[in-house]
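**Q** pasting the sequence and the predicted model now:
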Amino acid sequence: MWVVGLAFTGLVFDGYDLVVYGAVLSTFLRDPSQIGTVTPALGGALGSYALIGVLVGALLAGTIADVIGRRKVMLIAYAWFSVGMAVTALMSNTTGFGLMRFVTGLGVGALVATTGAIVSEYAPPGKKNLCNAITYSGVPFGSLMAALLAILLLAGIGWRGMFWIGALPLVTLLPLAFFKMPESPAWLLSRGRVEEARAIAERTGVPLDEAPPAPTAKGDKRERVGFAGLFTGGNAFPAILLGFMSVTGLVLVYALNTWLPELMRRAGFSTQGSLAFLLVLNGGAILGALVGSRIADRFGPKLVVASCFLIGAVSIVLLTVGAPIGVLLLFVAIVGLGTSGTQTLLFGFVANYFRTNVRGAAVAWCAGFGRLGGVGGPLLGGLLVAAGLALNSIFYILASVALLGAILTLLVPARRTHDLHPTPIEPSTAAAAPVAQTERVNPTA
């Protein structure tokens with residue numbers, strides 16, 4: 001509960017960081033006195049700088065987290081992006097603002113890349129997709145909170161105040177996580193630290209599902225860890241496909257969360273009315289991901305993710321039919337399921353597809369490489385708006401991206417069960433490396 005709760009809260013601020021820029025973008029476009037003149041093309045570029053930072057931060061974290069542990073990386077990430085948000089609030093020109101968006105993104109990327117791994121390793125059997133969905137629903141929940149706070153507070157505290165809110169984890173979440181966020185027993189076991197793994201497993205009630213590494217004879221090769229193991233053997237092809245799925249998903253997430261308010265303003269809605277679409281978009285993402293995760297735990301995530309991409313494509317097209325406002329809001333909520341909600345399910349898919357020795361790298365790969373889509377999303381929206389395309393044409397282009405995501409998902413091969421659950425070590429080696437627990441420890445014992 002502590003792991004999921006803290007991880008969820010951390011990703012709330014990731015989601016907040018995602019939407020707070022979209023919420024203040026209209027202010028920058030219309031008021032040069034804030035950080036200088038911002039054109040639609042520059043606005044898209046500024047939105048992408050943070051995503052470039054997320055890409056770099058996620059890939060670095062994937063390299064490090066499988067080596068030094070999940071907990072250390074997460075604590076550093078909490079502090080990093082909090083300080084970054086605070087410094088961003090002090091910027092007075094587009095150069096400084098863009099630079100700090102990149103720096104902040106480094107911490108956000110490290111957090112997103114590590115969270116899925118530790119949650120998957122603490123989640124009970126049969127609820128791994130649900131636990132990841134609850135955790136990663138923090139992203140759309142934070143996005144929803146950013147839109148709501150912008151409606152209520154933006155006029156009073158300005159864009160700088162909105163960014164100061166994003167710095168709150170430094171004095172709230174970080175101290176709590178320092179005392180309450182344990183290291184992953186599965187990671188400790190994979191590094192041969194059996195006694196530490198057993199101690200945390202007994203304290204938390206988490207079963208050790210994987211066997212500790214057997215002692216290796218001189219000259220034997222140890223199992224590859226991190227990216228070295230992810231892109232060798234049978235892991236490479238699904239990893240590449242899942243990475244490109246993440247790219248398509250994040251193009252949709254960041255294009256819509258950055259540009260939907262501005263697109264709705266151009267369609268005739270007021271500032272507060274256009275921000276309300278962000279509330280509905282991310283509310284639909286939260287509910288959709290939670291429902292989808294339950295189905296994924298029962299029937300497997302592959303078809304669920306593919307179906308959600310397809311639902312996203314259809315619902316984006318339906319935004320062009322000129323429906324009444326109530327029906328339009330319903331379509332936007334379904335778009336949330338098919339975009340941000342799908343991305344939430346995708347992280348659960350990835351975290352549970354690979355073994356412990358490459359799990360951190362796999363989540364980092366999808367969070368990091370996928371951020372190419374995050375970088376491209378705001379840029380794509382800015383270019384489409386700057387080109388003067390009709391609103392319907394923009395939505396058709398985004399729908400085609402969602403359709404591509406569905407096709408890529410269906411190409412992912414079925415995972416091999418023996419890859420996830422290796423044969424336990426023989427009794428003859430028990431003295432050197434105790435057999436992993438296979439039954440859940442009673443947390444009240």
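**A** Nice, thanks for sending it over. Numbering: from 1, shown residues only.
**Q** shaky segments in the stretch 201-350 of the chain?
**A** Low-confidence segments of the stretch 201-350 of the chain (pLDDT under 70): 208-226, 271-273.
**Q** counting neighbours, what do you get for the nearest residue to Ala386 once chain neighbours are set aside?
**A** Nearest residue to Ala386 in three dimensions, chain neighbours excluded: Pro40, at 4.5 Å (CB to CB, 6 or more residues apart in numbering). Where you see a C-beta, it was placed from the backbone N, CA and C, and this is true even at glycine. Pro40: 18 surrounding residues under other CB atoms under 10 Å.
**Q** doesn't Trp259 make contact with Ser274?
**A** No - here Ser274 does not reach Trp259: they are 10.4 Å apart, not a contact under CB atoms under 8 Å.
**Q** tell me which of these two has more neighbours.
**A** The neighbour count for Ser274 versus Trp259, taken as other CB under 10 Å, is higher for Trp259 (26 against 22).
**Q** which helix or strand contains Ala402?
**A** For Ala402, the host element (DSSP states H and E) is helix 391-410.
**Q** and if you look at Ala276?
**A** helix 271-299.
**Q** need the helices for the stretch 301-445 of the chain, in chain order.
**A** Along the stretch 301-445 of the chain, counting by DSSP state H, counting those that start in this stretch, helices occupy 301-318, 325-336, 342-353, 356-369, 371-386, 391-410, 417-420.
**Q** counting contacts, what elements does the fifth one pack onto?
**A** Contact partners of helix 371-386 among helices and strands, from 3 or more CB pairs under 8 Å, 6 or more residues apart in numbering; DSSP states H and E: helix 40-68, helix 236-266, helix 391-410.
**Q** ok, 6 Å please
**A** With contacts defined as 3 or more CB pairs under 6 Å, 6 or more residues apart in numbering; DSSP states H and E, helix 371-386 has these neighbours: helix 40-68, helix 236-266.
**Q** dump those helices to a markdown table, plus distance to Leu170.
**A** What follows is the helices and strands packed on helix 371-386, written out as a markdown table (distance: least, CB to CB, whole Å):
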| stretch | distance to Leu170 |
| --- | --- |
| helix 40-68 | 17 |
| helix 236-266 | 24 |
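**Q** how close does Ile394 get to Asn129?
**A** In this view, Ile394 and Asn129 are 32 Å apart by CB to CB, to the nearest Å.
**Q** more crowded one of the two?
**A** Asn129 (28 against 21).
**Q** what's the pLDDT at the more buried one?
**A** Per-residue pLDDT puts Asn129 at 78.
**Q** for it, what are phi and psi?
**A** Dihedral pair for Asn129: phi -70, psi -40, per degrees, to the nearest 10.
**Q** kindly report the same for the one 5 residues further on.
**A** Note on Ile134: its backbone torsions stand at phi -60, psi -50 [degrees, to the nearest 10].
**Q** same deal with Gly126?
**A** When read as degrees, to the nearest 10, the backbone of Gly126 gives phi 80, psi -10.
**Q** would you mind measuring from the residue positioned nearest the centre of the chain to Phe8?
**A** Centroid check for the chain by CA atoms, centre = their mean gives Val112 as the closest residue, at 5.0 Å. Per CB to CB, Val112 is found 13 Å from Phe8.
**Q** same question for Ala186.
**A** Remark: distance between Ala186 and Phe8 (CB to CB) = 20 Å.
**Q** count of neighbours near the nearest residue to Glu196 once chain neighbours are set aside?
**A** Leaving aside its sequence neighbours, Glu196 sits nearest to Leu188 (CB to CB, 6+ apart; 4.9 Å). Using other CB under 10 Å, Leu188 has 25 neighbouring residues.
**Q** look up which helix or strand Leu188 falls in, please.
**A** helix 185-190.
**Q** against which helices or strands is the very next helix or strand once past that helix packed?
**A** Using DSSP H and E, the helix or strand that follows helix 185-190 in sequence is helix 194-204. Packing partners of helix 194-204 (3+ CB pairs under 6 Å, 6+ apart): helix 185-190.
**Q** follow-up on the earlier one: and the helix holding Ala402, how far from the chain's centre?
**A** Distance of helix 391-410 from the chain centroid (CA atoms, centre = their mean, to the nearest Å) equals 20 Å.
**Q** hmm, who's touching it?
**A** With CB atoms under 6 Å, 6 or more residues apart in numbering as the test, helix 391-410 has contacts from 241, 244-245, 248-249, 251-252, 267, 305-306, 309-310, 312-313, 316-317, 319-320, 384.
**Q** got a list of what Phe8 touches?
**A** 135, 138.
**Q** and it, how far is that from Leu252?
**A** Note on Phe8: its distance to Leu252, by CB to CB, is 22 Å.
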